[in-house]
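A.B. asks: just a sequence and a predicted model for now, questions to come.
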Amino acid sequence: MLLDTASLYFRAYFGVPESVRAPDGTPVNAVRGLLDFITRLVQDHHPDDLVACMDADWRPHWRVELIPSYKAHRVAEEAPAGTPDPDAEEIPDTLSPQVPIIEDVLDALGIARVGVASYEADDVIGTYAARATGPVDIITGDRDLYQLVDDARGIRVLYPLKGVGTLQVTDEAWLREKYGVDGSGYVDLALLRGDPSDGLPGVPGIGEKTAAKLLDAFGDLAGIMAAVDDPRSRLTPSQRKRLDESRAYVAVAPKVVRVASDVPLPDVDLALPREPRDPAALEELAARWGLGGAVHRLLSVLPQ
């Protein structure tokens, strides 16, 4: 089981009241919500291995070089001179201080936490999925990861609809019903359609339904672009013109949209722990941040 950790703690932050606080008054709603998410996932799905995949770089330079608008709208307003990271992601003020607490608690529990410099959590997930020798469940609220769905290899995306108690099981049949493509075709659909939430412009005038129809007619992105050069193809004049004008974008977008599958992953134990790695640290963290109930609930569902 691969967790898109930031996706989940953002959902926890907005789903659990900010009145959930530590004894010193610090909000810990995202921490408690994430721990309860993990408890429910372990209880319902019994994974052998569990990895909390992290964004070591939420907006990698190599993606921005190809498409400068990539996630540009999420960058915080220009930081004052002298601040260490003017390209920091804009995160709610009371969420960002909770992220180190999440990391400390996961580490004390012994749940694998993996982020790799210059890569997003999506890329870590993509690489673990590529290396997996058994079935994989990816827990994310990010549709980008639909591209990894592969029935033959048992890779599916579990998309939270209401917390993580109600999950949309995304397999190839669901993708074909919803979008007319399978996992491997989702990259082409996504880049043609564009994604404002990621700063991907897409091809003007080609929305989701048109993209699906084009992929059905011409097979894949390469087939669509070949049709642009074929005067006998059944593209409309408007489609041909817009695709032709978007060649520069179409040439680089696949590398931006497709998650990496070759991230240099660290050598860590991915097995779901049977007991905390550092019981004393976990006890101290639980007391300091008022997480005793959430920690106890998680410990109670670990394999014995």
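C.D. replies: Looks like it arrived, so ask away.
A.B. asks: so for the longest helix belonging to the chain, what gets flagged as buried?
C.D. replies: In the chain, with assignment by DSSP state H, the single longest helix is helix 29-45. Going by neighbour count (16 or more other CB atoms under 10 Å), the buried part of helix 29-45 is 29-42. Where you see a C-beta, it was placed from the backbone N, CA and C, and this is true even at glycine.
A.B. asks: cool, stretch 233-246 as well?
C.D. replies: Buried residues in stretch 233-246, defined by neighbour count with 16+ other CB under 10 Å: 235, 239-240, 242-243, 246.
A.B. asks: closest to residue 121 among those?
C.D. replies: residue 246 (28.6 Å; CB to CB).
A.B. asks: isn't the closest one right up against residue 200?
C.D. replies: No: if you go by CB atoms under 8 Å, residue 246 and residue 200 don't touch, sitting 11.8 Å apart.
A.B. asks: put the alpha carbons of stretch 253-264 into PDB.
C.D. replies: The C-alpha trace of stretch 253-264 is given here as PDB (Å, rounded to 0.1, in the frame of the first residue of the first chain):
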ATOM      1  CA  ALA A 253       4.000  17.500 -21.800                       C
ATOM      2  CA  PRO A 254       4.300  13.600 -21.700                       C
ATOM      3  CA  LYS A 255       7.500  13.900 -19.600                       C
ATOM      4  CA  VAL A 256       5.800  16.300 -17.200                       C
ATOM      5  CA  VAL A 257       2.600  14.400 -16.800                       C
ATOM      6  CA  ARG A 258       4.000  10.900 -16.700                       C
ATOM      7  CA  VAL A 259       5.200   9.900 -13.200                       C
ATOM      8  CA  ALA A 260       8.800   8.700 -13.000                       C
ATOM      9  CA  SER A 261       9.400   5.000 -12.600                       C
ATOM     10  CA  ASP A 262      13.200   5.200 -12.100                       C
ATOM     11  CA  VAL A 263      13.600   7.200  -8.900                       C
ATOM     12  CA  PRO A 264      16.700   6.200  -6.900                       C
END
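A.B. asks: centre of the chain to it, how far?
C.D. replies: 13 Å (CA atoms, centre = their mean, to the nearest Å).
A.B. asks: poorly predicted segments of this structure, please.
C.D. replies: For the chain, the stretches flagged by pLDDT under 70 are 76-92.
A.B. asks: so which of the buried residues of stretch 233-246 sit within helices?
C.D. replies: 239-240, 242-243.
A.B. asks: which of those residues lies closest to residue 60?
C.D. replies: Set against residue 60, the nearest of those by CB to CB is residue 243 (27.1 Å).
A.B. asks: okay, now the nearest residue to the closest one once chain neighbours are set aside: neighbour count?
C.D. replies: Closest residue to residue 243 apart from its sequence neighbours, by CB to CB, 6 or more residues apart in numbering: residue 228 at 4.8 Å. Neighbours of residue 228 under the rule other CB atoms under 10 Å: 19.
A.B. asks: correct me, but residue 228 touches residue 245?
C.D. replies: No: contact criterion CB under 8 Å: residue 228 and residue 245 do not qualify, at 10.0 Å.
A.B. asks: how close does the residue nearest to residue 243 get to residue 218?
C.D. replies: Separation of residue 228 from residue 218 (CB to CB, to the nearest Å) stands at 10 Å.
A.B. asks: could you do residue 176 as well?
C.D. replies: 17 Å.
A.B. asks: just the element for residue 224, please.
C.D. replies: Taking DSSP states H and E as the definition, residue 224 sits inside helix 221-228.
A.B. asks: helices or strands up against that helix?
C.D. replies: Packing contacts for helix 221-228, counted by 3 or more CB pairs under 8 Å, 6 or more residues apart in numbering; DSSP states H and E, involve helix 183-193, helix 208-218, helix 237-245, helix 247-257.
A.B. asks: please identify the buried residues of it?
C.D. replies: Buried residues in helix 221-228 (16+ other CB under 10 Å): 221, 224-225, 227-228.
A.B. asks: closest to residue 264 out of the residues you listed?
C.D. replies: For the buried residues of helix 221-228, the nearest to residue 264 is residue 221 (28.0 Å; CB to CB).
A.B. asks: so what strands line up beside the helix or strand residue 113 falls within?
C.D. replies: Counting by DSSP H and E, the element that carries residue 113 is strand 112-114. The strands beside strand 112-114 in its sheet (DSSP bridges) come out as strand 51-53 (parallel).
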